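Q: Generate a structure from the sequence data that follows.
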Amino acid sequence: MDQAIYHFRAMTPEDLPAAHGLSQKLKWPHRLQDWATNFALSKGVVVEAEGQVIGTALACPQGDYAAIGLVIVSDDYQGKGLGRQLMGLAMAEAGDRALCLVATIAGAPLYAKLGFANYGYIRQHQGVVSSATLSAPAALPVAESLRVLDDADAPALQTLLNHGSGMERSGVLQAFLAITERGIGIERDGQLVGFALLRPFGRGKAIGPVVAENAAQARTMIHALLQGEDGSFVRMDTPEQLGLCETLVDWGLLEVDRVAQMVKGDAPRSRDGFSQFALANQALG
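A: Coordinates of the predicted model:
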């Protein structure tokens, strides 16, 4: 019989090292800084046993939606219903928003029991960039051109990200611009119609979010970012239905995982002809 006493409470900044330790035991790549970025955007809960944090869950409000992520229970405390309780608390933090998450194979059955339904798949691609594999994508139409992003582009990027994701993502964009190393955009008739950001993450770097009107634009921006990263380890999480997976493999970013997009409520829908070709990260969408 389980004699342990479990204490559930709000996550604080002081919990981040322990939370990071839990993800390290799962061999997740997140750095402490990656945890801090997600925590700053979210409302988190933890569960303790014997004074030690043994589980976490975060809910990130994004307009009418909230993304649930970084749901972890220590292996030593599996099978005790703690994951379900953490999820319940995180869902309560989201209020009446529709709920989105990315589910591992192990986590999907729990989320299905909590009322989440599958609406797509994300493919995780990663690898060491080699200039030898970076075959050039098809040229952009004459009216479109690549350019480096600057601070004045933030309002346009906000509109693109909201439209591409179907969520209100001002907090997410601000946080990611603060850690972006390089940003590339596509301009047509003086207006941005796509962008891609590269930043530090995990074992190296990550590309995302990426928003564009079509896969050809997305390929062009991703290729431009990869060209400056010869020898770097780069990760990207892309919806499988948007047509980038084969190209990413050709460029040396191999598929290492396939996870489900799940929602409780109506799934977010992109609008005005834009799509999100790479997630910000799996915890935030």
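Q: can you tell me how far residue 258 sits from residue 112?
A: With distances taken as CB to CB, to the nearest Å, residue 258 is found 17 Å from residue 112. In this view, the C-beta of every residue, glycine as well, is placed from N, C-alpha and C.
Q: do residue 95 as well
A: For residue 95, the distance to residue 112 equals 22 Å [CB to CB].
Q: okay, those two: which has more neighbours?
A: Legend: neighbour count by other CB atoms under 10 Å for residue 95 and residue 112, higher for residue 112 (14 against 10).
Q: In which helix or strand does the more buried one reside?
A: If you go by DSSP states H and E, residue 112 is part of helix 108-113.
Q: Parallel or antiparallel, list what pairs with the helix or strand just after that helix.
A: Using DSSP H and E, the helix or strand that follows helix 108-113 in sequence is strand 117-128. Here strand 117-128 is paired, per DSSP bridges, with strand 233-239 (antiparallel), strand 254-264 (antiparallel).
Q: returning to what we had before: which elements pack onto the helix holding residue 112?
A: helix 82-93, strand 254-264 (3 or more CB pairs under 8 Å, 6 or more residues apart in numbering; DSSP states H and E).
Q: would JSON lines of those with mean neighbour count be doable?
A: Putting the helices and strands packed on helix 108-113 into JSON lines (neighbours: other CB atoms under 10 Å) gives the following:
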{"stretch": "helix 82-93", "mean neighbour count": "19"}
{"stretch": "strand 254-264", "mean neighbour count": "17"}
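Q: Could you say which one of those comes nearest to residue 213?
A: Across the helices and strands packed on helix 108-113, residue 213 has its closest neighbour in strand 254-264 (21.1 Å, CB to CB).
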